[in-house]
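Chemist: Curious how this folds, go ahead:
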Amino acid sequence: MMMALLVVKTRLKNIYQKYYRVIRSVLKMLASAGTFAVVFYNLPFRPELKEYEAPLIIMASLICGFIPDMAVMCLVLLLELYEISAVSLIASAVFFTAIAIYFLLFGRYTKTQSYIVLLIPVLSVLNLSYAVPIVAALFLTPAMIPACIVGVLVQYILLGIKEYEVISKSAADTGNTVEVLQYMVNYVLQNREMLIYMGAFSLAYFFVFVVRKGKYNYASHVGIFVGIVVCMAGIISGDIFFSIQTNMNRLVIGLGITALLAYIVQFFRMSLDYAGVRKLQFEDEEYFYYVKAVPKLKVAAEDKTITTMEEIMEEEKFDLKEEIEKVLEEDMNPDGK
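Modeler: As a prediction, this is how the structure comes out:
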């Protein structure tokens, strides 16, 4: 079974390397289409956009397949701002200010942080936001923990805007232009569920990173398991202490799918053969070195070369002709002149 999976992995990596540009563009189109679909679903405030949702998603995703990643994220941000402005211009300004402050402080140094901030609110609609800190910790450093925290903050700002939109429809218009700002500030500051998820995601990220850096066998696999347990324990503890009433079925399903995705990512990231571990010791003039070498599991792709009998016969005929010509030439010139 493992050998079959390794063969599939090797072939997929070879195909990806061979057709890198095409595959990456197609993947960007699919990811962009999914992101725009989630934005339209999560922020359905503009009826004129809702009417042409499918054509807009197709057109936007086709464009996103051929533009830089940061441009794609800017398009998503502009769409969200335009949708939110239908509820309130002040709410739109608040959302833009929160994103701009984070980008100026952290996001401008690496676009990976921007990915994390974007993915958490997008995947929360699919109940898969838990996957972001756990999978990110397999590749990145703890410097990405602030991105996880801001991603949760953005998620709950959007939820607050949705709640305000529902309340404002049923309530009388008071003419107070800063009412939405007051509502958003109170919603964020008093939202204990948001604080629980910020803490759970941060702890899960930290523990996955620490465990997967360990020097024992299967450290990354153990790290994923520990991250899932820590995330679940943090959310359940917050549910008990603050009476949040989290949907446990939804939590277990989301974390189960997250674990599956994390192990798949880890398999494609690095598969190690712990049965072939070698420990080496050597020294130089200043230090004595202890080295533990773990070989990677690899399966070389078979290169099959098909040679037809016609090609062999043609080569033999050609060689035979040359030999006959040499013999005739030697007979005609026995002295080599």
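
Chemist: Provide the contact partners of the strand or helix carrying residue 121 at residue level.
Modeler: Secondary structure from DSSP states H and E places residue 121 in helix 111-124. Under the criterion CB atoms under 8 Å, 6 or more residues apart in numbering, residues 34-35, 38-39, 42, 69-70, 73, 76, 99, 102-103, 106-107, 129, 131-132, 136, 140, 144, 146-148, 150-152, 154-155, 158, 201 lie in contact with helix 111-124. Every residue, glycine included, has its C-beta placed from N, CA and C.

Chemist: Packing partners of the helix or strand hosting residue 267?
Modeler: Assessed by DSSP H and E, residue 267 sits inside helix 248-269. Judged by 3 or more CB pairs under 8 Å, 6 or more residues apart in numbering; DSSP states H and E, the packing partners of helix 248-269 are helix 2-18, helix 131-139, helix 219-242.

Chemist: Give the helix, strand or coil label for residue 282.
Modeler: Three-state assignment for residue 282 (DSSP: H, G, I helix; E, B strand; the rest coil): strand.

Chemist: Burial check on it, number of neighbours?
Modeler: By other CB atoms under 10 Å, the residues close to residue 282 number 9.

Chemist: Quick check: it vs residue 83, distance?
Modeler: Applying CB to CB, to the nearest Å, the value for residue 282 to residue 83 is 62 Å.

Chemist: related to what we said a few turns ago, would you mind checking the contacts of helix 111-124 for buried ones?
Modeler: 34-35, 38-39, 42, 73, 76, 99, 102-103, 106-107, 129, 131-132, 136, 140, 144, 146-148, 150-152, 154-155, 158, 201 (16 or more other CB atoms under 10 Å).

Chemist: So which of these belong to helices?
Modeler: Applying DSSP state H to the buried ones among the contacts of helix 111-124, the entries found in helices are 34-35, 38-39, 42, 73, 76, 99, 102-103, 131-132, 136, 146-148, 150-152, 154-155, 158, 201.

Chemist: Any stretches of the protein with poor pLDDT?
Modeler: 1-2, 106-110, 170-177, 271-277, 294, 296-337 (pLDDT under 70).

Chemist: switch the cut-off to 50
Modeler: Along the chain, the parts satisfying pLDDT under 50 run over 303-318, 320.

Chemist: Can you give me the neighbour number for residue 169?
Modeler: Neighbour count of residue 169, defined by other CB under 10 Å: 8.

Chemist: My error: substitute residue 138 in the last question.
Modeler: With other CB under 10 Å as criterion, residue 138 counts 18.

Chemist: Could you list which residues are in contact with it?
Modeler: 208, 212, 220, 223, 224, 262, 265, 266, 269.

Chemist: hang on, the earlier thing: name the stretch among the helices and strands packed on helix 248-269 that sits most buried.
Modeler: helix 131-139 (a mean of 24; mean count of other CB atoms under 10 Å).

Chemist: which residue packs closest to residue 149, ignoring adjacent ones?
Modeler: With sequence-adjacent residues excluded and distances taken as CB to CB, 6 or more residues apart in numbering, residue 149 is closest to residue 198, at 5.0 Å.

Chemist: Report the secondary structure state of that neighbour.
Modeler: Per three-state DSSP, residue 198 ends up helix.

Chemist: Tell me the spacing between it and residue 289.
Modeler: 42 Å.

Chemist: Settle it for me: which of these two has more neighbours?
Modeler: Remark: of residue 198 and residue 289, residue 198 carries more neighbours, 19 against 9, as counted by other CB under 10 Å.

Chemist: Give the full set of residues in contact with that one.
Modeler: 148, 149, 152, 153.

Chemist: What about residue 87? Give its phi and psi, please.
Modeler: For residue 87, the backbone dihedrals are phi -80, psi -50 (criterion: degrees, to the nearest 10).

Chemist: burial count for the nearest residue to it once chain neighbours are set aside?
Modeler: Once flanking residues are discounted, residue 87 sits nearest to residue 165: 4.6 Å by CB to CB, 6+ apart. If you count neighbours by other CB under 10 Å, residue 165 ends up with 18.
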